[in-house]
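*Asks:* Requesting a structural model of the entry that follows:
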Amino acid sequence: MSDTITLKENREFRRAYTKGRSYVSPDLVTYIVKNNTNNLRIGITTGKKVGKAVQRNRSRRIIRAAFSELKGSLRSGYDIVFVARGRTPFRKSTHILVSMKKHFKDAGILEE
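*Replies:* Alright, predicted model coming up:
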C-alpha cells in the first residue's frame, strides 16, 4: 500500500459526501469513495454538535488512533471521510476500531 494523504479542501469532502457511500454506526459515520490516485486519502470532521474544542479534538485523536491500527490492511485508491458523532469523544479507540472495521468490511476495502 502506498502513502496515506490527508484531505484538506472543502471540495474533496463534498465529493465524498455526494458521490460516496455512507456507513453509519452510533459512534461514527464513514464516507468512502473511489479516487483516481493510487493513494489512500482520509479526512476527519467534527461538528460543533460533538461538543466544545476539547471533545472535538479528543474525537479526532480517537479516530486517528483507530485508523492507524487498520491502515496497513486497507486497499489503496479510496477517499475516506470520518464524521464524529455525539458519542465519539466518550468512547475508547477500541470501540471506534470495531465500528471502523465493520464499515470497511461492508465497503469491501478491508484486506484480510
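*Asks:* switch to C-alpha atoms for all contacts and neighbour counts from now on
*Replies:* OK.
*Asks:* Any idea what the closest residue to L7 other than its chain neighbours is bridged to?
*Replies:* Spatial nearest neighbour of L7, excluding adjacent residues (CA to CA, 6 or more residues apart in numbering): G43 at 4.9 Å. When bridges are called by DSSP bridges, G43 pairs up with V81.
*Asks:* Could you report the neighbour count for G43?
*Replies:* 21 (other CA atoms under 10 Å).
*Asks:* so what does the helix or strand encompassing V33 touch, helix or strand wise?
*Replies:* V33 belongs to strand 28-34 when assigned by DSSP states H and E. For strand 28-34, the packing partners by 3 or more CA pairs under 8 Å, 6 or more residues apart in numbering; DSSP states H and E come out as helix 10-19, strand 21-24, strand 78-84, helix 93-107.
*Asks:* Give me whichever of the ones you listed is most buried.
*Replies:* Sort the helices and strands packed on strand 28-34 by mean neighbour count, taking mean count of other CA atoms under 10 Å, and strand 78-84 sits at the top with a mean of 24.
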